[in-house]
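Novice: Using only what follows, build the 3D model:
(chains A and B)
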Amino acid sequence: MSQAAAAALRCRGLRVGYGGQAVLHGLDLDVAAAETVALLGPSGSGKTTLLHAIAGFLEPEAGEIQVDGRLVHGPRASVPAEQRNVGVVFQNYALWPHMTALQTVAYPLRRQRLPQADATERAMELLELMGVADLAARRPTELSGGEQQRVGVARALARRAGLVLLDEPTAHLDTPLRARLLAELSEQRRRSGTAALYATHDVGEALAVADRVAVLRGGRLVQVGPPRDVYERPADAWVAAMTGPASVLTVTVLGADREGLTLRIGDDRATLVLDGHGEADAGRSIRVLVRPDWASLGGDLRAVVRAVLYRGPHTDYRLSTPAGDLELREPGPPRAGVGDEVRWTLRRAWSLGSGTAPPEGATPRLGPG
Amino acid sequence: MPEARGRWRFAGWLLLAGALVTLVAWPLLRLLLEGLDAGPGRLVDAVGAVGLAAVGNSLWTSALATLAAVGAGLGLALLTERGTGSARRWLRLAILVPLLVPDFVTAISWGRAYGPAGLTARLVGWDLPGLYGPAGIVLVLSVAAVPLAYLVIAAGIRVRAEPDLERAARASGATPFTAFRTVTLPLLAPVLVAAAGLVFVTSMNAFGTPAVLGRPAGFGTMTTRIYQDLAFSSADVAFLRVVGLALLLVVLGTAVVAVIDRATPSPERGGGPAGTPPTASSAPWPAMVIAWAGVALTVVLPLLALLLTALTRAVGLPPLPENLTLANFGRALDAAAIVGLRNSAVLATAAATIAVLLALLGTSLAGRRRRLLGTAVTLTFALPGSVLAVAVLLAFGATLRDTLAIILLAYLAKLWALGQRPLAAAADRVPGDLLRAARASGAGASATAWTIAIPLLAPVLAAGWLLVFVFALHEVTISALLYGPGTATLAVVILNLQQLGDPLVTSALAVILTALVAVASAALLILRRPGWSWVSLP
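Specialist: From the prediction side, this is the model:
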């Protein structure tokens, strides 16, 4: 993404610390206009801190922040939160207990000196947009969690900001509500053309909502890329585990030809397409990532079933292979029981290199394709 | 708490009912009967111009002190609660220091610091004009009430005005001032009303401060008027005036408590789960400087002046090393003071132990009965000590006059709530499943109480005991009215000495009393620290 001029957000070398302890270590992040970037990381990785620095709720120690091409924080100047034109949706909704839904959404409009009547009218439109117009006269205690968060989103949209920050907006909602709110959020952003930075620790959510996913670990961005990239080509084993179910097998490279790479798994051999880090010299032992849908039952490789979990539409198996434990997912009901010896096929894998970390930014492609 | 069964339960009820009648119902009824007996006409005549002046003085000094204390409490609470960090933690502790000092000791210490012969008068030739009079009373009442206002408001900020709510306003385009005006202040309005009501009642009930600072100027409030009439007059009119003023205080106190009750915010927040806590950030330094300067001038300097006076060889000497001595402490601990110390210790220990036992019994009640008990003991806690003393004297004076027992009865009536409220709140917070798990593990009702409930509540019991103990040591209003030959408490000894003369000995005794209170309070603070109790203390 090199649309620096039109970027909705541009962070450079952002460093934040609390009482001498660094929380963000020189972070670079861009969000293009109308783009949604998911900020994925476990709790304590610095997601909320980053959002608070961008919104202006806390003062970074170093670095620059630009919103819509305007410098809002730099070495010389810092724009106060209320002048940054950034909408914020809070994890705990942060609805004011003494205001009705309508007053809440009209609040940002009143701060823009919109006359009372206009602000109320516009706020009503936004509540309609979020499907909660009939709750306009209610206070937060009279709203369910999902309804509260809709009001919170309407308030953030009322600023008509070029950028909306969402801090785990669905964290406190139950699963069906979460799915509905996510779908609505995507629809809203598509229509309004607002860029969004969406913090979450839920990988399913990140992959589903985002144009790009930024993976945060201990205050550093360890990978930024489209959802398929971070899922299929994670930067390392930690990102692999963070971005979905992952098994890591240790295999030996036997050789490469036009059909792909031949690997030895225990006493068996498998030929497959392998992308990833590091050299694929013959005889070298490497670690490969396998997602549950990259392997299937039936084939040449041998394994023993350790666990079977029937999930309805599909079944999860845990296999014990000579190269390590493997999670495998097959459609339909269970086809093998615990303790059975089964055959399986490895269709695809992603090399994590030979155990040492890959050089910064280098993701050489191995084999054809 | 598990509900004890059968005979035990009945015995518990009987004890509680007996205590409630003896300590609360009968004395207050006696007071009311005394008033009805005289009739409204004679009461009004008896109160007269003297009484009305005292009522007026109480009202306006308390109102001014309330304004000052709530304003200062709000400012300080915003300063300490809007962020974390060690600077804020230290300020929080410093603000609470006046809680450790009995109010009449604060008044005495202000005299030593800013009075005509005080520390500043000797060092820079300046003394606070009007310290002995209404202005001084308002000042010292405010200083003594700031920690109370601060505690209520700070708790309100933590519960009701989460930082995310202000952040949401800022992100909506509100300047810091607009966010404060449109979000923080409306959210805190009920908390401020509750704090103001509490401070107002406390100031109306204050006796030590007006007794020390008002007497020299001939300025009387309701509580000092009652003291004068009861202690120094045997005229029927004076006694009727006491009854009239006491009944008036009951009405005023009840009205304010009703207002507080209405305004006290419900514990639930605006809805939604907890938000992001305040971040570590340096507090604005000009505000910090003002806050520390205030603490230094209103709390630290007076206490320092008191200590220096207690250590000085003779009245009027400057506090230089060659003039310092410990001899005053030796002189102070004469026979009368030793007896006072013993009486204070006995009364405080007995009151604390019985109040905690009563509170423990109270938790075995359920539902409406528990609430009724809570209301009754809270009401007597809100009543001025002077009123309770008069009521207890009317009810038991014939048989118990001039004994420690009559003081103890009044103490229990006053301080029962201090044991009852925290324990009831904590008992409600012990998850019922913990007790059910014990029952499911084969423990009977009493085994469950002894092995699960009481160990869990032990820190709260200890805290309640210490709280009652500290308040009883502090106490001077009730004991000043009820003491007789040989039953004066240490506080009464100090108050009498203060009026008669030797400032060195008075200061030394005040330092001793404050040190005792401080030690007990320090134990209380340690108990309140997280990690020391399984159940969070209210």
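Novice: The residue in the stretch 251-369 of chain A that chain B sits nearest to and A:Thr345, how far apart?
Specialist: Taking C-beta to the nearest C-beta, chain B has its nearest neighbour within the stretch 251-369 of chain A at A:Arg311, 29.2 Å off. For the C-beta atoms, the positions are set from N, CA and C on the backbone; glycine is no exception. Applying C-beta to C-beta, to the nearest Å, the value for A:Arg311 to A:Thr345 is 21 Å.
Novice: And for B:Leu93?
Specialist: Distance from B:Leu93 to A:Thr345, by C-beta to C-beta: 68 Å.
Novice: go on, A:Ala106?
Specialist: For A:Ala106 relative to A:Thr345 (C-beta to C-beta), the value is 60 Å.
Novice: residues near residue 26, how many?
Specialist: Using chain A. By other C-beta atoms under 10 Å in any protein chain shown, the residues close to A:Gly26 number 17.
Novice: meant chain B, my bad for not saying
Specialist: 16.
Novice: Would you quantify the distance from it to B:Asp164?
Specialist: 52 Å.
Novice: Now do the SS call for the closest residue to chain B within chain A.
Specialist: Scanning chain A for the residue nearest chain B gives A:Pro97, at 3.0 Å (criterion: C-beta to the nearest C-beta). Three-state call for A:Pro97 (DSSP: H, G, I helix; E, B strand; the rest coil): coil.
Novice: and if you look at B:Leu317?
Specialist: Per three-state DSSP, B:Leu317 ends up coil.
Novice: Please name the residues that touch the residue lying closest to it once chain neighbours are set aside.
Specialist: Leaving aside its chain neighbours, B:Leu317 sits nearest to B:Asn323 (4.3 Å; criterion: C-beta to C-beta, 6 or more residues apart in numbering or on different chains). Residues in contact with B:Asn323 (C-beta atoms under 8 Å, 6 or more residues apart in numbering or on different chains) are B:Thr312, B:Arg313, B:Ala314, B:Leu317.
Novice: what about B:Thr66, helix or strand, and which?
Specialist: Using DSSP states H and E, B:Thr66 sits within helix B:40-81.
Novice: next helix or strand past that helix?
Specialist: Assigned by DSSP H and E, the successor of helix B:40-81 is helix B:86-96.
Novice: quick one: that following helix to helix B:40-81, angle?
Specialist: 160 degrees (axes from the mean of the first three to the mean of the last three C-alpha atoms, to 10 degrees).
Novice: helices and strands around helix B:86-96, which ones?
Specialist: Contacts defined by 3 or more C-beta pairs under 8 Å, 6 or more residues apart in numbering or on different chains; DSSP states H and E place helix B:86-96 against helix B:40-81, helix B:134-160, helix B:285-295.
Novice: that older thread, got the phi and psi for the residue of chain A closest to chain B?
Specialist: Main-chain torsions, A:Pro97, degrees, to the nearest 10: phi -60, psi -20.
Novice: Of B:Leu93 and A:Thr345, which one has the most company?
Specialist: A:Thr345 (15 against 11).
Novice: before we move on, the earlier item: so how far is the helix holding B:Thr66 off the chain centroid?
Specialist: 16 Å (C-alpha atoms, centre = their mean, to the nearest Å).
Novice: With stretch B:250-267 instead?
Specialist: 17 Å.
Novice: So which residues make contact with that stretch?
Specialist: Residues outside stretch B:250-267 that contact it (C-beta under 8 Å, 6+ apart): B:28, B:31, B:156, B:159-160, B:190-191, B:193-194, B:197-198, B:200-201, B:204-205, B:378-379, B:382-384, B:387.
Novice: Can you tell me which of the residues you listed are classed as buried?
Specialist: B:28, B:31, B:156, B:160, B:190-191, B:193-194, B:197-198, B:200-201, B:204-205, B:378-379, B:382-384, B:387 (16 or more other C-beta atoms under 10 Å in any protein chain shown).
Novice: So the residue lying farthest from the centre of chain B versus B:Gly48, what's the distance?
Specialist: Using C-alpha atoms, centre = their mean, the residue of chain B lying farthest from its centre is B:Gly442. It sits 43.7 Å away. Separation of B:Gly442 from B:Gly48 (C-beta to C-beta): 70 Å.
Novice: try B:Leu435
Specialist: Taking C-beta to C-beta, one finds B:Leu435 at 58 Å from B:Gly48.
Novice: the more surrounded of the two?
Specialist: Counted by other C-beta under 10 Å, B:Leu435 and B:Gly48 do not tie: B:Leu435 has more neighbours, with 19 against 13.
Novice: For B:Thr451, see how far away the more buried one is.
Specialist: From B:Leu435 to B:Thr451 the distance is 10 Å (C-beta to C-beta).
Novice: before we move on, the earlier item: what's the most distant pair in the contacts of B:Asn323?
Specialist: B:Thr312 and B:Ala314 (6.8 Å; C-beta to C-beta).
Novice: list residues touching both of these two?
Specialist: Joint contacts of B:Thr312 and B:Ala314 (C-beta under 8 Å, 6+ apart) are B:Asn323, B:Leu504.
Novice: So is the worst-scoring helix or strand of chain A on mean pLDDT next to chain B?
Specialist: Taking mean pLDDT, DSSP states H and E as the measure, chain A has helix A:175-192 as its least confident helix or strand, at a mean of 76. No. Counting by C-beta under 8 Å from any C-beta of the partner chain, chain B has no neighbours in helix A:175-192; the shortest distance is 13.9 Å.
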